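**Student:** structural data only, the sequence is not supplied:
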Ligand code: MTE
Ligand code: MO
């Protein structure tokens, strides 16, 4: 594969793998802005970054179980109503490095920054599908229906040199409230090459792996996508399953991500002077569930205090309220007095009262995905 045409990248990114390029920002930079700057947004790739240079000829083939296949050009996408959706994208492998410390796992080692919050601009997939005669649906509880497969331009070794692909249920794709986008903008700029230029899918509230970049075709299919990343990866197995007894077909592909929170203002281990310390970070849940609460402990989890939460400046954040960005993270903050060396812990509660698990061992899985255990940092207080 050809890595000679990779785009330029910000020098402060921590590179976890050079080819394919996988990198994340320093945690201190992450929670300092509600909307993550594009150049600091984590980059997760499985192959070389494709180069689309003739934008007038670029089009997405819409095919499969439909009466009339269609070629969707950029001008067709731009003709549809444009939506700006603020949504947090999180890699299922976020915090994998910490999980691998209990027991070895397979996958790119990520610290806590394989996540970012962006304003995605584009057309709703529901509007695109309506163009080809698939009506909108507002009841998302329907199951057993068809699926919408997204196939990319990029080539990756897991697919034996074939394209990256994934699918979502048709009921989600045709539901305007699910806010699934074909995005051509990120933070009000044209999407850049690393993030999927010219067009990518954004599936809010779902692990990043389903938000296919560099879209090449959309396939309406009877069964979910049989590609590697749906069937042989990104599945959550119990701690008892290892590489010698794994049966991939026993589990469903992971879609929504669970409730998560991370302290970004402190490294692990951090040396500080005794006195007031501001503890801040992000909290987010999947499926459009808001964040009800973020609890902070400065004694390793014995006692807790509540952090304040915010999204965009100005409006107070209330979980699941109309004024909140339902697909976006909240930033939290609390200032406390830390007199001696201790362990600081964060745990969030979402609007369905789901809570992060206490220990990483209990959710250990061989692929090292969805480490949402209590986030802990050690502080050493010196004089
Ligand atoms: N789409 C394509 N075509 N190729 C990829 O390698 N990686 C997926 C997803 N979409 C991927 C892809 C994964 S695992 C994640 S977490 C997100 O893209 C990362 O998106 P980002 O690089 O814009 O942050
Ligand atoms: Mo990912």
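**Tutor:** Good, I have the coordinates. In this text, all values refer to a predicted model and were calculated from it rather than measured experimentally. Ligands and ions are numbered 1, 2, ... in the order given.
**Student:** how near is residue 240 to ligand 2?
**Tutor:** Using C-beta to the ion, to the nearest Å, residue 240 is found at 24 Å from ligand 2. The C-beta positions use only the backbone N, C-alpha and C, and glycine is treated the same way.
**Student:** number of residues surrounding residue 380?
**Tutor:** When counting by other C-beta atoms under 10 Å, one arrives at 11 neighbours for residue 380.
**Student:** ok, stretch 36-56 near ligand 1 or not?
**Tutor:** Yes. Part of stretch 36-56 sits near ligand 1 under the criterion C-beta under 6 Å from any ligand atom, namely 41-46.
**Student:** tabulate the residues you listed (TSV), appending pLDDT.
**Tutor:** What follows is those, written out as TSV (pLDDT from 0 to 100):
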residue	pLDDT
41	98
42	98
43	98
44	98
45	98
46	98
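**Student:** can you name the residue of the stretch 51-200 of the chain nearest to ligand 2?
**Tutor:** residue 91 (3.3 Å; C-beta to the ion).
**Student:** which SS state does residue 213 fall under?
**Tutor:** coil (DSSP: H, G, I helix; E, B strand; the rest coil).
**Student:** nearest residue to it in space, please, no chain neighbours.
**Tutor:** residue 196 (3.2 Å; C-beta to C-beta, 6 or more residues apart in numbering).
**Student:** got the residue ranges for the strands in the stretch 51-200 of the chain?
**Tutor:** For the stretch 51-200 of the chain, applying DSSP state E, counting those that start in this stretch gives strands covering 59-64, 70-73, 83-90, 115-124, 147-155, 163-169, 181-186, 189-190, 200-202.
**Student:** how much space separates residue 170 from residue 148?
**Tutor:** Using C-beta to C-beta, to the nearest Å, residue 170 is found at 6 Å from residue 148.
**Student:** overlap in contacts, the two.
**Tutor:** Residues touching both residue 170 and residue 148 by C-beta atoms under 8 Å, 6 or more residues apart in numbering: residue 220.
**Student:** of those two, who's got more company?
**Tutor:** Counting neighbours by other C-beta under 10 Å for residue 170 and for residue 148 shows that residue 148 has the greater number, 27 against 20.
**Student:** what's the closest non-adjacent residue to that one?
**Tutor:** Per C-beta to C-beta, 6+ apart, closest to residue 148 is residue 173, 4.2 Å.
**Student:** ok, now residue 255?
**Tutor:** Going by C-beta to C-beta, 6+ apart, residue 255 has residue 206 as its nearest residue, at 5.1 Å.
**Student:** redo the strands of the stretch 51-200 of the chain as a markdown table? Include mean pLDDT and distance to ligand 1.
**Tutor:** Compiled in a markdown table, those are given as follows (pLDDT from 0 to 100; distance: least, C-beta to the nearest ligand atom, whole Å):
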| stretch | mean pLDDT | distance to ligand 1 |
| --- | --- | --- |
| strand 59-64 | 98 | 13 |
| strand 70-73 | 98 | 17 |
| strand 83-90 | 98 | 6 |
| strand 115-124 | 98 | 6 |
| strand 147-155 | 97 | 3 |
| strand 163-169 | 98 | 4 |
| strand 181-186 | 98 | 8 |
| strand 189-190 | 98 | 14 |
| strand 200-202 | 99 | 7 |
